[in-house]
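Asks: Have a look; sequence and predicted model below, questions after that.
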Amino acid sequence: MAQGFLLALVVAVLCFEAATAVGEFNYGDALDLSFLYLEAQRSGKLPVDRRVKWRGDSGLKDGFAQGVNLVGGYYDAGDNVKFGLPMAFVATILSWGAIDFNKEITNANQMDNTLKAIKWATDYFLKAHTQRNVLWGQVGDGSSDHFCWERPEDMTTPRTAFKIDESHPGSDLAGETAAALAAASIAFKTYNSAYSNLLLAHAKELFTFADTFRGLYDDSIPCVSGFYTSSGYWDELLWAATWLFRATGDEYYLKYTVDKAVSFGGTGWAMKEFSWDNKYAGVQVLLTKVLLEGRGGGYESTLKQYQAKADYFACACLEKNDGFNINKTPGGLLYAHEWNNMQYASTAAFLMAVYSDYLSTANAKLICPDGVFEPKELLNFAQSQADYILGKNPNSLSYLIGYGPKFPQKLHHRGSSIASIFTDPVPVGCVQGFDTWYHRPQGNPNILHGALVGGPDKNDRFGDERSDYEQTEPTLTASAPLIGLFSKLHSSVNGHQIPGSRGYQPPVKREEESPDANVPVSAGSPVEFIHTITSTWTVNKESYYRHQVKIKNTSGKSIKNLKLQLDNLTGPIWGLSPTQQKGVYELPTWLTVLQPGSECAFIYIQEGPQAKVTVSSYH
């Protein structure tokens, strides 16, 4: 069976008895919305089946003037520039979520969207890494772009591309991109091994480039200053090495983080922030995982120093750090900076959810100056930040656009604030955009579903004004952590709810039922099978189909040890376990009893006609 990218995207298992929300918010709905924002930020040639219908193709000649194809990637926020450093951080965080919360994302039926979101960035980075020691780090100029208010589809501002090389280094940019490609190689490893290997090869080259030719990327690309100025590159080098160790298992990279632990600040800097510019807390948590898993080799003493700093971050978030805590608004939101503070809250929440899992798996606890805490307390903090975002705040306002009954309407976002080209195809000029659209008092004509705005000030005050970019501009760096965070909370709090079951109904294509939707079963069969084709795609001119088969107990009695016979199955299957008998499968070990009226589902993929499913045995 061909190993295509999209083949991997459909892996999902839905086994449920009854899906009932126990949390105050539906994180599954919030998760689906977050993907819509990522899709709205795409640059380049958009797919025909795009869900954000008001967006069109843009930046189709990016890089051409410099003789390189840089079409694709993401716009970082409300402008039309493609900034490499934050985009790479976004890809790293998306990949981290796909790795550590793989089960949760898969059970939410969102692995397809997750890998697509990662690949939109990594495909761009592969284009941008044109030579071993050359990386194109930006397309567009922030200053000229900010003088115009235009849709991406209408851009008239210069699309100049900027690069780093041996003479003009950028260890922070190359290091973060190496981390992104290494992390993505793990995310894709079980789905598309060839693509995974390609990403890893580029990651290794970029790390060597970053480490050999050291320097700040904004010294080499001066026009990025004032937008995404780097505070240093030591953290990115440690970050890249840590991800390469996780991707390869090569001790060389672990030794690098140990040898450079002191000189690069890895065991010296105690942080209360995790962001696109400051990766130390992320490095410290990842290396703590290595220690907790007993894989530290002879480096335990240094890894324990990394753990001490990871604990500092977690204790500061819990406000149990002997007074050296994070700042919070009166309403409970982490508060780090005036401009787009939500990105620091979302990254901290994500990192705390990840660290909670690491501690829980190792049966370890968090030891703080003010007490000892269970891993659950870290997840509780993460949930508190997610809940604030979704509406549990003094303003009773959802800062995630499209979620709930009340959310900001006047986003500082060019594409959202100007009528779609499909509604008004006449180009909107640079100054005309300000006169006609930027200053208008009405809300934005295009709802930017899933965007996380900058958020309120330190006193929880929020003004829904398009001109207040500190509060109303959304960013990719704020939204990327939400994918893993909402997936984790959806699993642990909402109990594997099916996305869209409450609140916002995502605008997704309806599933197409196969012609043989109701498969006949033999007389006296205790279950009913309902086949549905939920997706189809083409790889190398071969058509593949994703089949979901629901198993419903119609017998009126409990069914134990149900075994199924699958004939004509040619592709992979998820949600059932093979037995020693050829073609015979059984339900997962945790689902030994199927109660009357309850349902379970499994997934399989293949080219031709659907497999024939019958009952082999049961008790």
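Replies: Thanks, I have the structure now.
Asks: which stretch of helix or strand covers the most centrally placed residue in the chain?
Replies: With distances taken as C-alpha atoms, centre = their mean, Leu94 lies nearest the centre of the chain, 3.0 Å away. Using DSSP states H and E, Leu94 maps to helix 84-100.
Asks: Same question for Phe529.
Replies: Taking DSSP H and E as the definition, Phe529 sits inside strand 527-539.
Asks: gap between the closest residue to Asn395 other than its chain neighbours and Tyr344?
Replies: Spatial nearest neighbour of Asn395, excluding adjacent residues (C-beta to C-beta, 6 or more residues apart in numbering): Phe462 at 5.8 Å. All C-beta atoms are positioned from the backbone trio N, CA, C, and that covers glycine. Separation of Phe462 from Tyr344 (C-beta to C-beta, to the nearest Å): 16 Å.
Asks: for His168, same thing?
Replies: Remark: distance between His168 and Tyr344 (C-beta to C-beta) = 30 Å.
Asks: quick one: which of Phe462 and Tyr344 has more around it?
Replies: It is Tyr344, of Phe462 and Tyr344, that has more neighbours when counted by other C-beta atoms under 10 Å, with 25 against 20.
Asks: isn't Glu104 right next to Ser487, touching?
Replies: Yes: taking contacts as C-beta atoms under 8 Å, Glu104 lies within contact range of Ser487: 4.2 Å.
Asks: Can you pick out the residue with more neighbours from those two?
Replies: Neighbour comparison, Glu104 and Ser487: the larger count goes to Ser487, with 29 against 24 (by other C-beta under 10 Å).
Asks: tell me which element the more buried one is part of?
Replies: Ser487 is part of helix 476-492, with elements assigned from DSSP H and E.
Asks: so where is the chain shaky, pLDDT-wise?
Replies: Filtered on pLDDT under 70, the chain yields the residue ranges 1-23, 495-524, 536-543, 590, 608.
Asks: let's see it at 80
Replies: Scanning the chain for pLDDT under 80 picks out the ranges 1-23, 494-525, 531-545, 574, 589-592, 607-609.
Asks: Domain boundaries for it, per the record?
Replies: The chain breaks down by the TED database into domains covering 27-492, 527-617.
Asks: which other residues reach stretch 361-370?
Replies: If you take C-beta atoms under 8 Å, 6 or more residues apart in numbering as the criterion, stretch 361-370 is touched by 292-293, 311, 314-315, 318, 320-322, 359, 372-375, 377-378.
Asks: Kindly report the same for stretch 59-73.
Replies: When contacts are defined by C-beta under 8 Å, 6+ apart, stretch 59-73 is touched by residues 42-45, 80, 82, 87, 120-121, 123-124, 127-128, 130, 136, 139, 152, 155, 159-161, 163.
Asks: change it to 10 Å
Replies: Outside stretch 59-73, the residues that touch it by C-beta atoms under 10 Å, 6 or more residues apart in numbering are 41-45, 57-58, 75, 80, 82-84, 87, 91, 119-128, 130, 134, 136, 138-140, 152-153, 155, 158-163.
Asks: Narrow these to those that are buried.
Replies: By neighbour count, with 16 or more other C-beta atoms under 10 Å, those hold 41-44, 58, 75, 80, 82-84, 87, 91, 119-128, 130, 134, 136, 138-140, 152-153, 155, 159, 161-163 as buried.
Asks: Now do the same contact list for Pro474.
Replies: Residues near Pro474 by C-beta under 10 Å, 6+ apart: 37, 40-41, 76-78, 340, 342-343, 399-401, 408, 411-413, 416, 448, 450-455.
Asks: Kindly apply the preceding question to Asn80 instead.
Replies: 43, 58-59, 139-140, 142, 145-146, 148, 150-155, 157, 159, 414-415.
Asks: Mark which of those are part of strands, please.
Replies: Counting by DSSP state E, those place Val139 in strands.
Asks: Okay, and which of the contacts of Asn80 map to helices?
Replies: Residues of the contacts of Asn80 located in helices (DSSP state H): Gly142, Asp145, His146, Arg414, Gly415.
Asks: From the residues you listed, pick the one nearest Asp567.
Replies: Nearest to Asp567 out of these is Gly415 (C-beta to C-beta; 50.3 Å).
Asks: Run a quick neighbour tally on the closest one.
Replies: 27.
Asks: quick one on the thing from earlier: toward the C-terminus, what is the element adjacent to the strand holding Phe529?
Replies: Strand 527-539 is succeeded, C-terminally, by strand 542-553 (DSSP H and E).
Asks: Report all helices and strands that that following strand contacts.
Replies: helix 5-8, strand 527-539, strand 563-567, strand 593-594, strand 599-606, strand 612-617 (3 or more C-beta pairs under 10 Å, 6 or more residues apart in numbering; DSSP states H and E).
Asks: Report the beta-bridge partners for the closest residue to Pro572 other than its chain neighbours.
Replies: Nearest residue to Pro572 in three dimensions, chain neighbours excluded: Ile605, at 5.7 Å (C-beta to C-beta, 6+ apart). When assigned by DSSP bridges, Ile605 has beta-bridge partners Arg546.
Asks: do you know how far Ile605 is from Ser535?
Replies: Distance from Ile605 to Ser535, by C-beta to C-beta: 9 Å.
Asks: I figured Leu333 hits Leu397, correct?
Replies: No: using C-beta atoms under 10 Å, Leu333 is not in contact with Leu397, being 11.9 Å away.
Asks: Between the two, which has more neighbouring residues?
Replies: Comparing Leu333 with Leu397 by other C-beta under 10 Å, the one with more neighbours is Leu333, at 24 against 20.
Asks: show me the residues around that one that make contact.
Replies: Neighbouring residues of Leu333 by C-beta under 10 Å, 6+ apart: 327, 341-342, 344-345, 384-385, 388-389, 393-394, 399, 455-456, 458, 460.
Asks: Count the residues that sit near Leu587.
Replies: By other C-beta under 10 Å, the residues close to Leu587 number 23.
Asks: show me where the stretch 301-450 of the chain has strands.
Replies: Along the stretch 301-450 of the chain, the stretches classed as strands by DSSP state E, counting those that start in this stretch are 366-368, 371-373.
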